[in-house]
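In: the sequence and its predicted three-dimensional model are supplied below.
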Amino acid sequence: MITPEKEIPVHHLTSEEFQMSTLSAAGPENFHDVHRHNFFEIIWFREVYENSRLELDFESYQLKNNQICIIAPGQAFNMKLEGEEGYAMAISREIFNEACDIESVLTGGELPFFLNPKNEKTCSTIISLIEQEYKTLSRTELLKAYLKAFCIIIGEQINPQEPLLNDRQRIQELVGLIERHYIGHKETGFYADQLKISTHHLNDIVRLLRGTTVKKMISQRLILEAKRELSFGALTVKEIAFKLGFNDASYFSRFFKKHTNQNPDNFKNNEKR
């Protein structure tokens, strides 16, 4: 039995489906220590310091003024706020999916990216409208409308329109399917069936647009989750193996070593150190 206290802490939205705060008002209790979210979070860093950094799934990013970071549910996140200025919006999955047409890019999280200077004034206006509405009547439909406008602008920067739209849409659907089913379904055929295309055709699309295979995408997602648990949780290797759908802990260890060139125990010890 896996005990809850051994899991990586998960931050939840409580009574609200949308929350907004300035970074200066958010308080260190909302950011310090490694944790996950069960919601999406959009952070706009307006002014940061030379040593401002955030950690997202084993990568450390030095922040710059006017960067945006979008954190997807399940990602391991950590940042020590030291007085940076900006905004953080916590958004339920339901509202995010309704307001933002960029979940495919965000399923694995979107790394910090610069907001185009020509869009800064428009985004500032939208954020002011969101903040005003949130602090007063907090009408959900109006907040969603403002949020959608904000996501349209930033979405154009991180998900530009390109050819092969149908195939790209299938990739987007595939990424979402893997996120939901990677533990229970590790075979390419399941995802091809869900997308109503042949396994061969699906792998052709993935090779063309991603330079990889469906099997490797599933494996990468499993390895990422294993690394999160080994680094930030307190589960044993055997418990992690079972949690990720492996019936045999030794097979899980071989699988992990094949993809990382380290066995799980060595990886865990190195990270803890």
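Out: Great, that's in hand.
In: dump stretch 203-213 to CSV, restricted to CA.
Out: This file holds the C-alpha atoms of stretch 203-213, laid out as CSV (Å, rounded to 0.1, in the frame of the first residue of the first chain):
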residue,chain,number,x,y,z
ASN,A,203,4.0,6.1,-36.6
ASP,A,204,4.5,7.7,-40.0
ILE,A,205,2.9,10.9,-38.7
VAL,A,206,4.9,10.9,-35.5
ARG,A,207,8.2,10.2,-37.3
LEU,A,208,7.5,13.1,-39.8
LEU,A,209,6.4,15.7,-37.2
ARG,A,210,8.3,14.6,-34.0
GLY,A,211,11.2,12.6,-35.3
THR,A,212,10.4,9.7,-33.0
THR,A,213,7.9,6.8,-32.5
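In: just checking, what packs against the helix or strand containing Leu147?
Out: Element membership for Leu147 (DSSP states H and E) is helix 140-158. Under the contact criterion of 3 or more C-beta pairs under 8 Å, 6 or more residues apart in numbering; DSSP states H and E, helix 140-158 touches strand 18-22, helix 93-99, strand 110-114, helix 117-135. (Glycine included, C-beta is placed from N, CA and C.)
In: weakest of the ones you listed by average pLDDT?
Out: Ranked by mean pLDDT, these bottom out at strand 110-114, which scores a mean of 83.
In: I'd like the helices and strands packed on helix 140-158 as TSV, with distance to Gln220 appended.
Out: Formatted as TSV, the helices and strands packed on helix 140-158 follow (distance: least, C-beta to C-beta, whole Å):
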stretch	distance to Gln220
strand 18-22	31
helix 93-99	22
strand 110-114	16
helix 117-135	32
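In: and of the ones you listed, who's closest to Arg53?
Out: Nearest to Arg53, of all those, is strand 110-114, at 10.1 Å by C-beta to C-beta.
In: in its sheet, what does that closest one sit against?
Out: strand 67-71 (antiparallel) (DSSP bridges).
In: show me what secondary structure element comes after the partner strand.
Out: strand 77-78.
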